[in-house]
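Trainee: sequence? don't have it. structure:
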């Protein structure tokens, strides 16, 4: 059976009403009075005399408004507390104007007066750059002039068209990493800082590639390309002040267009073969050069030894000749006879000729032919020695004759 049975018998079984028949709205004044009475009890104030609420209602309302205002101020103060994370910084605007930049930690701001913008300053953002860029021509010495005189417009345009034919396109792909270093400039310095740094990096890449030749971009200029884009991007960002800092520029891919990729692969292989041959030649040179230097040093040492030996031998011959000259001056006939005998002795010791007197004996003689053949090789040396000796004798005789003539002339000059 339902709680309120029909029929109006007055037996309303209302679980919340407690069986009360009065369903009128509550009295607001009575509720306020009960609330203030409880508040006085909590604040240990003098209790109000019952039945006097209406006579002293203005004071009670003022007191209630003060309490409510205090609660609102406390809630407003607590709502202004906030925490900045370790990787973030907070930018505070007071009435729409920049006020301060807060570091990580607990801070407070005036709610509804200050505005807070939180920026992550340690997050590394990145974007990719990819496209075909025009390189420097092989015959181009410097960059083309930015200003062209009107009088030379026709000739200059023709020259530009001619030089453009020698330029090449290169497909470059790189990744740029950056982070926020100035939250205030990032939020209010540039309209779209992320798009700005992308456009600046693309312009820097085009400028750096335009100053390099295609062979350098594809081979030895990769590191120069990355560093050049990094430095140029930093320079331009310093002028714009977007609050961003470029951390790194990574070159991912550099290749020629697909139409000429096969030809450039052949060129790269040729360059690699060239480098390989150069390394092999250097290795061979490092192996052969020390050996050649050692052989050269040995030849020089032998030459110096031979030089010293020749000098000493010549000095000995000079000393021997001078000693013989002094003996010859004292006894010329005896010296000639002695020199003749010594020369004949040295000649017959090494000669292969044998003199036999067949008229005085009939004995059979044994001739050592093999020894004759061995000594035949020394005949030429002996003949040279004999020629040298005869030359020495002739020189001694000429010197003696000169001395005798000089002595005779001195004697004749001395006699009247």
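Mentor: That came in fine, so what should we check first? For clarity, every value in this text was computed on a predicted model and none was experimentally measured.
Trainee: Run through the helices of the stretch 101-250 of the chain in chain order.
Mentor: Secondary structure of the stretch 101-250 of the chain by DSSP state H, counting those that start in this stretch: the helices cover 153-164, 183-188, 193-210, 214-218, 222-240.
Trainee: To residue 278, which of the ones you listed lies closest?
Mentor: Smallest distance to residue 278 across the helices of the stretch 101-250 of the chain (CB to CB): 16.7 Å, for helix 214-218. In short, each C-beta sits where N, CA and C put it, glycine included.
Trainee: What residues of the closest one count as buried?
Mentor: Of the residues in helix 214-218, those buried by neighbour count under the rule 16 or more other CB atoms under 10 Å are 214, 215, 217, 218.
Trainee: Neighbours of the closest residue to the second one other than its chain neighbours, how many?
Mentor: Meaning residue 215. Excluding the flanking residues, the one nearest residue 215 by CB to CB, 6 or more residues apart in numbering is residue 267, at 7.6 Å. Residue 267: 16 surrounding residues under other CB atoms under 10 Å.
Trainee: what helices or strands is the helix or strand harbouring residue 267 leaning on?
Mentor: Residue 267 is part of helix 261-330, with elements assigned from DSSP states H and E. Under the contact criterion of 3 or more CB pairs under 8 Å, 6 or more residues apart in numbering; DSSP states H and E, helix 261-330 touches helix 214-218, helix 332-350, helix 379-414.
Trainee: looking at those, which has the lowest confidence?
Mentor: Taking each of the helices and strands packed on helix 261-330 in turn, the lowest mean pLDDT turns up on helix 379-414, with a mean of 60.
Trainee: hmm, back to that, quickly check the buried residues of helix 214-218 for the two that are furthest apart.
Mentor: Spatially, the most separated pair among those is 215 and 217, at 7.4 Å (CB to CB).
Trainee: my guess is residue 94 contacts residue 116, does it?
Mentor: No - with contact defined as CB atoms under 8 Å, residue 94 and residue 116 do not form a contacting pair (10.6 Å).
Trainee: which neighbours do those two share?
Mentor: Common neighbours of residue 94 and residue 116, counting by CB atoms under 8 Å, 6 or more residues apart in numbering, are absent.
Trainee: residues near residue 230, how many?
Mentor: Neighbourhood size, residue 230 [other CB under 10 Å]: 19.
Trainee: Contact partners for the residue lying closest to it once chain neighbours are set aside?
Mentor: In this structure, residue 230 finds its nearest non-sequential neighbour in residue 249, 4.4 Å apart by CB to CB, 6+ apart. Taking CB under 8 Å, 6+ apart as the contact definition, residue 249 lies against 174, 175, 176, 177, 201, 226, 227, 229, 230, 233.
Trainee: beta partners of residue 249?
Mentor: residue 176 (DSSP bridges).
Trainee: now residue 190, nearest residue through space, not along the chain?
Mentor: Residue nearest to residue 190 in three dimensions, not counting chain neighbours: residue 242, with 4.3 Å by CB to CB, 6+ apart.
Trainee: actually residue 232, not the one I typed
Mentor: With sequence-adjacent residues excluded and distances taken as CB to CB, 6+ apart, residue 232 is closest to residue 204, at 3.8 Å.
Trainee: got a pLDDT number for the one you found?
Mentor: According to the model's per-residue confidence, residue 204 sits at a pLDDT of 92.
Trainee: One more: residue 18?
Mentor: pLDDT recorded at residue 18 is 50.
Trainee: before we move on, back to that, residue 304: which of the buried residues of helix 214-218 is nearest?
Mentor: residue 215 (52.0 Å).
Trainee: Quick check: the closest one vs residue 254, distance?
Mentor: Residue 215 sits 12 Å away from residue 254, going by CB to CB, to the nearest Å.
Trainee: what's near enough to touch residue 204?
Mentor: 228, 229, 232, 233, 236.
Trainee: try residue 128
Mentor: Going by CB under 8 Å, 6+ apart, residue 128 touches 173, 174, 175, 176, 252.
Trainee: mind redoing it with 10 Å?
Mentor: For residue 128, the set of contacting residues under the criterion of CB atoms under 10 Å, 6 or more residues apart in numbering consists of 173, 174, 175, 176, 198, 250, 252.
Trainee: on that earlier part again, save the contacts of residue 249 as TSV, and put in pLDDT too.
Mentor: Rendered in TSV, the data for the contacts of residue 249 read as follows (pLDDT from 0 to 100):
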residue	pLDDT
174	91
175	93
176	93
177	94
201	92
226	88
227	90
229	91
230	91
233	92
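Trainee: Nearest to residue 272 among these?
Mentor: Looking at those and their distance to residue 272, the nearest is residue 226, at 21.6 Å (CB to CB).
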